[in-house]
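Enquirer: Sharing a model that was predicted from the sequence below.
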Amino acid sequence: MSLKFAANLSFLYQDLPFLDRIAAAAKDGFEGVEYLFPYDFPAAEIKQRLVDNGIEQALFNAAPGDWVGGERGISSLPGREQEFKESIARAIEYATVLGNQRVHVMAGLLPADANRAERLDLYTRNVAWAAEQAKAAGLTIVLEPINQRDMPGYLLSYQKDALDVVRATGAYNVKVQFDCYHAQIMEGDVVMKLRAMFDQIGHIQIASVPSRNEPDGEELNSPFIFQTLDQLGYQGWVGCEYKPRAATSDGLAWLRTYRANSESNK
């Protein structure tokens, strides 16, 4: 078995218009695509691009509020419950058309004067509500801890933060979105955490640390992470959420090497 890689189109192929990135990812051999948000385009238009290029939709985020204005999720913000419910309804509509089985619900930023326990409680209740709505569509809600260096004040920063919310919801379709880049920055011990949390992980993302470039060096041993995921029998997507050093296609030696090694080990 070999891993399935999804190109994150919010990071890769930045020289192309957004929809054209789907064809570029397919041409480079990615099996799937993911990105932050699809809502600037009709779902049917994105779906047609996926079908035309024989590539799958892996993941996107529910709407985060005023992204340009600095919001990074509304699910923990008091008074925004109705807006949150509308964002989940819209995400489910898009996922139903696009065919992805995972939707990321961002936790939002914690103001310095806010009560963290209260915000976590609201987030947990909203996630549980979203998971209940998502069941009929066969969707899983994923929660991602994000490092404090890149996103200061984010509500979830450690894997335990997300695991606690997952368990508190009591919902089978709530999982952790394990981003190796964020995990390494905040706490390290990435492979041991992948092993320990494996049953609670619904999506994985990769990048080098600290530069967030191609997963081909620096602090993380990506080939060893891939080997571990193979051994664990991971069947989900590995999202490539990194900043290419130059043209995306020119930096894919790491992917070709992984595939060549996978073929030789069959």
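Expert: Arrived safely, thanks for sending.
Enquirer: What segments of the stretch 101-250 of the chain are helices?
Expert: For the stretch 101-250 of the chain, the helices defined by DSSP state H, counting those that start in this stretch occupy 116-135, 159-169, 180-186, 190-197, 222-232.
Enquirer: Most tightly packed of the ones you listed?
Expert: Of all these, helix 180-186 has the most neighbours on average by mean count of other CB atoms under 10 Å, namely a mean of 22. Placement of C-beta: from N, CA and C, glycine included.
Enquirer: Give me the helices and strands touching that one, please.
Expert: helix 190-197, strand 201-206 (3 or more CB pairs under 8 Å, 6 or more residues apart in numbering; DSSP states H and E).
Enquirer: Quick one: classify residue 58 as helix, strand or coil.
Expert: Following DSSP: H, G, I helix; E, B strand; the rest coil, residue 58 is assigned to strand.
Enquirer: returning to that earlier point: save the helices of the stretch 101-250 of the chain as a markdown table, and put in mean pLDDT too.
Expert: Below are the helices of the stretch 101-250 of the chain laid out as a markdown table (pLDDT from 0 to 100):
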| stretch | mean pLDDT |
| --- | --- |
| helix 116-135 | 98 |
| helix 159-169 | 98 |
| helix 180-186 | 98 |
| helix 190-197 | 98 |
| helix 222-232 | 97 |
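Enquirer: picking that back up, kindly reformat the helices and strands packed on helix 180-186 as TSV containing distance to residue 15.
Expert: Shown next, in TSV, are these (distance: least, CB to CB, whole Å):
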stretch	distance to residue 15
helix 190-197	31
strand 201-206	22
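Enquirer: Of all the ones you listed, which one comes closest to residue 172?
Expert: strand 201-206 (10.8 Å; CB to CB).
Enquirer: List the neighbouring strands of that closest one plus their orientation.
Expert: strand 174-179 (parallel), strand 237-240 (parallel) (DSSP bridges).
Enquirer: Relative to the whole chain's centre, how far out is it?
Expert: The chain centre lies 6 Å from the centre of strand 201-206; the measure is CA atoms, centre = their mean, to the nearest Å.
Enquirer: now stretch 110-124
Expert: 22 Å.
Enquirer: Distance across stretch 153-172, terminal residue to terminal residue?
Expert: 28 Å (CA to CA, to the nearest Å).
Enquirer: Next: stretch 235-254.
Expert: Using CA to CA, the end-to-end distance of stretch 235-254 comes to 20 Å.
Enquirer: Ok, which of the helices and strands packed on helix 180-186 comes nearest residue 80?
Expert: Judging the helices and strands packed on helix 180-186 by CB to CB, what sits closest to residue 80 is strand 201-206, at 24.4 Å.
Enquirer: how big is the angle separating the closest one from helix 190-197?
Expert: Here the directions of strand 201-206 and helix 190-197 differ by 170 degrees (axes from the mean of the first three to the mean of the last three CA atoms, to 10 degrees).
Enquirer: which other residues reach strand 201-206?
Expert: 8, 58-59, 102, 104, 140, 142, 144, 175-181, 194, 215, 220, 222, 225, 229, 234, 236-242 (CB atoms under 8 Å, 6 or more residues apart in numbering).
Enquirer: what about the strands in the stretch 1-150 of the chain?
Expert: 4-8, 32-34, 56-61, 102-104, 140-143 (DSSP state E, counting those that start in this stretch).
Enquirer: Format those strands as a markdown table; extra columns: mean neighbour count, mean pLDDT and distance to residue 89.
Expert: Putting the strands of the stretch 1-150 of the chain into a markdown table (neighbours: other CB atoms under 10 Å; pLDDT from 0 to 100; distance: least, CB to CB, whole Å) gives the following:
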| stretch | mean neighbour count | mean pLDDT | distance to residue 89 |
| --- | --- | --- | --- |
| strand 4-8 | 24 | 98 | 24 |
| strand 32-34 | 27 | 98 | 21 |
| strand 56-61 | 24 | 98 | 15 |
| strand 102-104 | 23 | 98 | 11 |
| strand 140-143 | 26 | 98 | 13 |
